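S.K.: Let me see the structure of the following:
(one chain, ligands or ions: 1)
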Amino acid sequence: MEIINLPPPQTDFDFPLMKALALRRTKRKWLEKPLSEQEISNLLWAACGITQPETKRAKSKRTVPSACNSQEINVYVVLENGLFLYNETLHQLEKIHSDDMRQDIGTQKMMRSAPLGLVYVADFSKMKSLLFKSDQDKLITASADTGFISQNVYLYCAAAGLSTAVLGLVNRQKLHKTMKLNNNQRVMYSQVVGLLS
Ligand SMILES: Cc1cc2nc3c(=O)[nH]c(=O)nc-3n(C[C@H](O)[C@H](O)[C@H](O)COP(=O)(O)O)c2cc1C
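M.R.: A predicted model of the protein is given here:
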């Protein structure tokens, strides 16, 4: 498996939280230029990076909450050179395949030119708590957990001067197939990111 070891995230990057909240916006224009590995590293760590490593007694913690700490949302990264899974424990990208899937990231034509896409995928097999009695319970919870990740991406983009838009207009069936997902996995939302134009 091809691995991209991301540079460490710049966790000392300084930007006022209240200003990021005030600047947060959906932006649908970007330069057709790739993001640097450092930018991708920061973005993914903000999305759902590890802030407290796993111990013998306790599961790791991330920048985002998740119901019962299920951590059921995986972030897939769509780049020109392929589809990758973000492994937050090792802070690396693991290549799934080499196809350029950017044309599938959203159904709106304008989204196809985004240099980077994120696809939020829920893994129902990680939702083991008895609180989740049905697939509908899991879907409701996974939707909330996806929202936290997406908002972290929005705030990082506001602080770092990047364009971003979360997308509900996605062909989930098609993505499920092209991403080679299994029956426990559900495509929730996608999100495009680019350098401000
Ligand atoms: C769940 C959700 C789905 C969305 N889906 C899309 C989408 O498919 N395409 C799009 O251009 N914007 C999408 N948006 C962005 C909204 O249009 C945007 O958040 C809204 O117009 C408010 O603008 P703001 O984010 O700049 O405050 C979505 C937002 C949310 C929260």
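
S.K.: How about the residues of this structure by the ligand?
M.R.: 25-26, 28, 106, 108, 165-169 (C-beta under 6 Å from any ligand atom). Every C-beta, even on glycine, is put in place using the N, C-alpha and C of the backbone.

S.K.: Among these, the buried ones, what's the PyMOL command?
M.R.: This is the PyMOL syntax for the buried subset of these, where burial follows 16 or more other C-beta atoms under 10 Å:
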select buried, resi 106+165+166+167
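
S.K.: Save the residues of the chain next to the ligand as TSV, and put in secondary structure too.
M.R.: Output for those, formatted as TSV (DSSP: H, G, I helix; E, B strand; the rest coil):
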residue	secondary structure
25	coil
26	coil
28	coil
106	coil
108	coil
165	strand
166	strand
167	strand
168	coil
169	coil
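
S.K.: What residues of stretch 9-22 count as buried?
M.R.: 9, 20.

S.K.: other SSEs contacting the longest helix along the chain?
M.R.: Using DSSP state H, we find that the single longest helix of the chain is helix 135-160. Packing contacts for helix 135-160, counted by 3 or more C-beta pairs under 8 Å, 6 or more residues apart in numbering; DSSP states H and E, involve helix 17-23, helix 37-48, strand 73-79, strand 116-123, strand 162-167, strand 185-195.

S.K.: how close does the residue most central in space within the chain sit to residue 56?
M.R.: Centroid-nearest residue in the chain: residue 75, 3.8 Å away (criterion: C-alpha atoms, centre = their mean). Taking C-beta to C-beta, to the nearest Å as the measure, residue 75 falls 27 Å from residue 56.

S.K.: try residue 34
M.R.: Where residue 56 is concerned, residue 34 sits at a distance of 40 Å (C-beta to C-beta).

S.K.: Low-confidence ranges, this structure, go.
M.R.: The chain contains no residues with pLDDT under 70.

S.K.: quick one: contacts for the closest residue in space to residue 152 that isn't next to it in sequence?
M.R.: Counting by C-beta to C-beta, 6 or more residues apart in numbering, residue 152 lies nearest to residue 46, which is 4.9 Å off, once chain neighbours are set aside. Residues in contact with residue 46 (C-beta atoms under 8 Å, 6 or more residues apart in numbering) are 9, 63, 152-153, 155-156.

S.K.: Which one (most neighbours) among those residues?
M.R.: Neighbour counts for the contacts of residue 46 (other C-beta atoms under 10 Å) peak at residue 156, which has 25 neighbours.

S.K.: Test my guess that that one contacts residue 40.
M.R.: No - applying C-beta atoms under 8 Å as the test, residue 156 and residue 40 come out as separate, 11.1 Å apart.

S.K.: between residue 34 and residue 56, which one's more packed in?
M.R.: residue 34 (15 against 4).
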